[in-house]
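**Student:** Have a look at this prediction, sequence included:
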Amino acid sequence: MFGIPGKQAVTITDRAASQIAKLMAKDNTQGLRIGVKKGGCAGMEYTMDYVSEVDPLDEVVEQNGARVMIAPMAQMFLFGTEIDYEVSLLESGFKFRNPNVTEACGCGESIKFDESLASKG
């Protein structure tokens, strides 16, 4: 596991926890797995997938009935991230406030990390 012992890899706002719990109940899943993959105009993209089974290597964060699993390869990229859920007139969705991001695309879905993090993975 990457990070500081006793400190959760990510934090979840109450709005995000509420939305994740609703999705878990609706789709009868164990939670959402969050990861990163190569792609997008800035080099990396977040991934979110429903999970029917928790991988023992995942970092698990639980809050107010919500469960988020962080894929092993994403843990170093997501450490310190706050996951929020925002609703606006034009769109709604999960937002990641990640202190490890050095650059983001205008679309808000493509990100770039410090090169030193990528070399550790």
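**Tutor:** Ah, there it is.
**Student:** can you pull the buried residues of the biggest helix by length in the chain?
**Tutor:** Looking across the chain with DSSP state H, the single longest helix is helix 14-27. Buried residues in helix 14-27, counted by 16 or more other CB atoms under 10 Å: 16-21, 24. Backbone N, C-alpha and C define where each C-beta goes, glycine included.
**Student:** One more: stretch 81-91?
**Tutor:** Using 16+ other CB under 10 Å as the test for burial, stretch 81-91 gives 81, 83-85.
**Student:** and for that stretch, what are the contacting residues?
**Tutor:** Identification of contacts with stretch 81-91 by CB atoms under 8 Å, 6 or more residues apart in numbering yields 9-13, 15-16, 18-20, 34, 68, 92-100.
**Student:** I only care about those residues that end up buried; give me the ChimeraX line for that.
**Tutor:** The buried residues among the contacts of stretch 81-91 can be selected in ChimeraX (16+ other CB under 10 Å) with this line:
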select :9,10,11,12,13,16,18,19,20,34,68,94,96,98,100
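**Student:** Out of the contacts of stretch 81-91, which sit inside strands?
**Tutor:** Assigned to strands by DSSP state E, the following of the contacts of stretch 81-91 qualify: 10-12, 34, 68, 92-97.
**Student:** Now do the helices in the chain.
**Tutor:** 14-27, 75-78, 115-120.
**Student:** helices and strands of the protein: which one bottoms out on pLDDT?
**Tutor:** When each helix and strand of the chain is scored by mean pLDDT, DSSP states H and E, helix 115-120 comes last, with a mean of 55.
**Student:** Now do stretch 77-97: distance to the chain's middle.
**Tutor:** 9 Å (CA atoms, centre = their mean, to the nearest Å).
**Student:** I meant stretch 10-30, not that one.
**Tutor:** Using CA atoms, centre = their mean, the offset of stretch 10-30 from its chain centre is 12 Å.
**Student:** which other residues reach that stretch?
**Tutor:** With CB under 8 Å, 6+ apart, stretch 10-30 has contacts from 31-32, 34, 50-54, 61, 63-70, 78-86, 94.
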